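**Student:** Make a model of this:
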Amino acid sequence: MFSWFLIFLLLFLLVLIPTAYAGLIGAPYVPTRRRALEKAFDAIGVSSADTIVDLGCGDGGVLIEAARRGARVVGYELSPLMFAVAWLRLLRLPRTARRLRWGNFFNQTLPAETTIIFVFLMPKHLPRLVAYLKKQNLSHAKYLLSYTFALPGVTPRQIIQTKTYGTIYVYNFKF
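**Tutor:** Numbers count the residues shown, from 1 in each chain. Presented below is the predicted three-dimensional model:
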């Protein structure tokens, strides 16, 4: 019995430690409210011409809404638990329309075909995000959407507010 307990404990720690780390370097898991997302996607006209990248995709909800509109989607997630949830939820999407990557997006090169980037990061990480995006080669990028928190020192193109579903800041991508 002791060996089963030890195995369970090690597996639990293997999931818990990266999940806690993901919360520290980005944001803890909090789902993006679909109503706010729908309103923002309607405002910017998300379509099949877009490739949407979600940096810290959590349960994949943003990716699913974007794919519902015909967009190709790419998600990055550091938490193994949330990665597994997103992977399972994205299985119903056509394989050619979805890519899911496990790992720290700050260590990745984003796809050149990216047109829209979505983030939900804590305010203290947003300056690092801006610096990271400036180093990316994203000549097709049009918009950056930030859920709940505004980028410091950058004026949004539009602020999408819903009474009970949160705020999405829409920025022209000029990094």
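
**Student:** isn't I159 right up against V170?
**Tutor:** Yes - the criterion here is C-beta atoms under 8 Å, and I159 meets it with V170 at 7.3 Å. Yep, even glycine has a C-beta here, placed from its N, CA and C like the rest.

**Student:** Who has more neighbours out of those two?
**Tutor:** Between I159 and V170, V170 has the larger neighbour count (other C-beta atoms under 10 Å), namely 17 against 11.

**Student:** which non-adjacent residue is nearest Y132?
**Tutor:** F106 (5.7 Å; C-beta to C-beta, 6 or more residues apart in numbering).

**Student:** got it, and P156?
**Tutor:** Y169 (4.4 Å).

**Student:** Looks like that neighbour contacts T155 (just checking).
**Tutor:** No - counting by C-beta under 8 Å, Y169 sits too far from T155 to count as a contact (9.7 Å).

**Student:** ok, the two, which is more surrounded?
**Tutor:** Just comparing Y169 and T155: by other C-beta under 10 Å the higher neighbour count belongs to Y169, 22 against 9.

**Student:** I'd assumed that one was in a helix, is it?
**Tutor:** No - under the criterion used here (DSSP: H, G, I helix; E, B strand; the rest coil), Y169 is strand, not part of a helix.

**Student:** Going along the chain, name the helices of the chain.
**Tutor:** 2-25, 34-44, 61-68, 80-90, 126-134 (DSSP state H).

**Student:** Using PDB, write down the CA coordinates of the last one.
**Tutor:** Coordinates of each C-alpha in helix 126-134 appear next as PDB, following Å, rounded to 0.1, in the frame of the first residue of the first chain:
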ATOM      1  CA  LEU A 126       2.200  42.400 -19.000                       C
ATOM      2  CA  PRO A 127       5.400  44.400 -19.400                       C
ATOM      3  CA  ARG A 128       7.300  41.100 -20.000                       C
ATOM      4  CA  LEU A 129       4.600  40.100 -22.600                       C
ATOM      5  CA  VAL A 130       5.100  43.400 -24.500                       C
ATOM      6  CA  ALA A 131       8.900  42.800 -24.600                       C
ATOM      7  CA  TYR A 132       8.300  39.200 -25.700                       C
ATOM      8  CA  LEU A 133       5.900  40.200 -28.500                       C
ATOM      9  CA  LYS A 134       8.300  42.900 -29.800                       C
END
